[in-house]
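Peer 1: one predicted model, sequence on top.
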Amino acid sequence: MRTSAQIRAGLGSWAVVTWLAIMAMFVLSGCQGVVTPGGADSGAAPSAATGTAHSAATPSAGAGHTAQAEPHKVVVIGDSLSTGMGSTPAEAWPSLISAAPLDPDDDFDVVNASQNGSGYVAVGDNSSTFGTQVAQAVTADTQLVVFFGSDNDMGASQAAISAAAGKAFEAAKARSPHAVLLVVGPQAYTTQPEAARLTVRDALEQAASTSAALFVDPIGQGWFIGQVAELVGPDGEHPSVAGQRYLQAQLEKLIKEEVSAMPSPTLRAK
């Protein structure tokens, strides 16, 4: 039988062993880290004390910047159908395509050089013709030039219109050799347009073919036909607000078809 002294000695040894075991557990817990409400198991972001993992998840100073393509540069050469006469300049189809494209993914930088009363031969406001508009607006970085109209040239000979159009097209190509030229003929609001209007159409088609430009015939495609009351204003000539939106749909589709075949624009930081 052990004496009371032996029992006390045994209890003391057991207490020491227990204390050492508890201390070892605390040491191991400190090495492995303690799961807290803010730890990895909670789904919260690691604190700065976790070191490398937190640093890797932190975006760099420039990571917040995204790359965005430069808008396609388009120049519109035209007359009062493109200036917004009958509505407002902000409601003219070139402004709508630039500021409020029908497809949110479309991005066009449109320079509208159009002047009231002008044509390839006809001289309009500010002594403007389609040729002078080209000289003023087309630059080396222009990617697409849209020529729209003009019935202002009605009464001029087919030869004169074709010659003036050819000069305007060649001037545009000289100023921007890589640009696509999209030539849109005059519109008509009847299925039996005047002979003089057809003369303008035919002259432009001929000149566009000679200059390797794309030609679109609104008369042949029936633009406005059956919708004149809604799309044309009280003067019987200029598009209403609805008419300008109709032109936006027609021209934006044509422009988009051409720029989609172009090389991707340069990316810019946003």
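Peer 2: Perfect, I can see it now. In this text the structure is predicted, and so the values were computed from the model without any measurement.

Peer 1: so residue 142 sits right up against residue 76, yeah?
Peer 2: No: shown here, residue 142 and residue 76 do not form a contact pair, counting by Cβ atoms under 8 Å, at 10.8 Å. Where C-beta positions appear, they are placed from N, C-alpha and C, glycine not excepted.

Peer 1: which one's more surrounded, those two?
Peer 2: Applying other Cβ atoms under 10 Å to residue 142 and residue 76 shows that residue 76 carries more neighbours, namely 28 against 21.

Peer 1: so which residues make contact with whichever helix or strand the more buried one is part of?
Peer 2: Using DSSP states H and E, residue 76 maps to strand 72-77. Applying Cβ atoms under 8 Å, 6 or more residues apart in numbering, the contact partners of strand 72-77 are 82, 94, 97, 107-114, 130, 133-134, 137-139, 141-148, 168, 172, 255, 259, 262, 265.

Peer 1: strands of this structure, start to end?
Peer 2: Secondary structure of the chain, counting by DSSP state E: strands at 67-69, 72-77, 108-112, 144-148, 180-184, 214-216, 267-269.

Peer 1: quick one: mean pLDDT over the first one.
Peer 2: When the per-residue pLDDT values of strand 67-69 are averaged, the result is 61.

Peer 1: quick revisit: okay, the strands of the chain in CSV with distance to residue 154 next?
Peer 2: Shown next, in CSV, are the strands of the chain (distance: least, Cβ to Cβ, whole Å):
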stretch, distance to residue 154
strand 67-69, 41
strand 72-77, 18
strand 108-112, 23
strand 144-148, 15
strand 180-184, 16
strand 214-216, 18
strand 267-269, 44
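
Peer 1: which residues are in contact with the residue lying closest to residue 256 once chain neighbours are set aside?
Peer 2: The shortest distance from residue 256 to any non-neighbouring residue, by Cβ to Cβ, 6 or more residues apart in numbering, is to residue 106 (6.1 Å). Residue 106 makes contact with 97, 252, 256 under the criterion Cβ under 8 Å, 6+ apart.

Peer 1: whichever of those end up buried, select them in PyMOL.
Peer 2: The PyMOL selection below is limited to those of the contacts of residue 106 classed as buried (16 or more other Cβ atoms under 10 Å):
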select buried, resi 97+252+256
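
Peer 1: report the lowest-confidence entry in the contacts of residue 106.
Peer 2: Lowest pLDDT among the contacts of residue 106: residue 256, with 93.

Peer 1: does that residue touch residue 105 like I think?
Peer 2: No: counting by Cβ under 8 Å, residue 256 does not reach residue 105; the two are 9.5 Å apart.

Peer 1: grab the most central residue of this structure for me.
Peer 2: residue 107 (0.8 Å; Cα atoms, centre = their mean).

Peer 1: give me phi/psi at that one?
Peer 2: Backbone geometry at residue 107, expressed as degrees, to the nearest 10, gives phi -140, psi 100.

Peer 1: now do it against residue 159, distance only.
Peer 2: Distance of residue 107 to residue 159, given as Cβ to Cβ, to the nearest Å: 40 Å.

Peer 1: can you pull out the helices in the stretch 51-200 of the chain?
Peer 2: Assignment of helices within the stretch 51-200 of the chain using DSSP state H, counting those that start in this stretch yields the ranges 52-57, 80-83, 93-99, 130-137, 158-175, 195-210.

Peer 1: lowest-confidence stretch among the ones you listed?
Peer 2: Lowest mean pLDDT of the helices of the stretch 51-200 of the chain: helix 52-57, a mean of 37.

Peer 1: rewinding a little: out of the helices of the stretch 51-200 of the chain, which comes closest to residue 239?
Peer 2: helix 80-83 (6.4 Å; Cβ to Cβ).

Peer 1: return the distance of the closest one from the chain's centre.
Peer 2: Centroid separation between helix 80-83 and its chain, computed with Cα atoms, centre = their mean, to the nearest Å, is 22 Å.

Peer 1: buried ones in it, by neighbour count?
Peer 2: For helix 80-83, burial by neighbour count (16+ other Cβ under 10 Å) applies to 80, 81, 82, 83.
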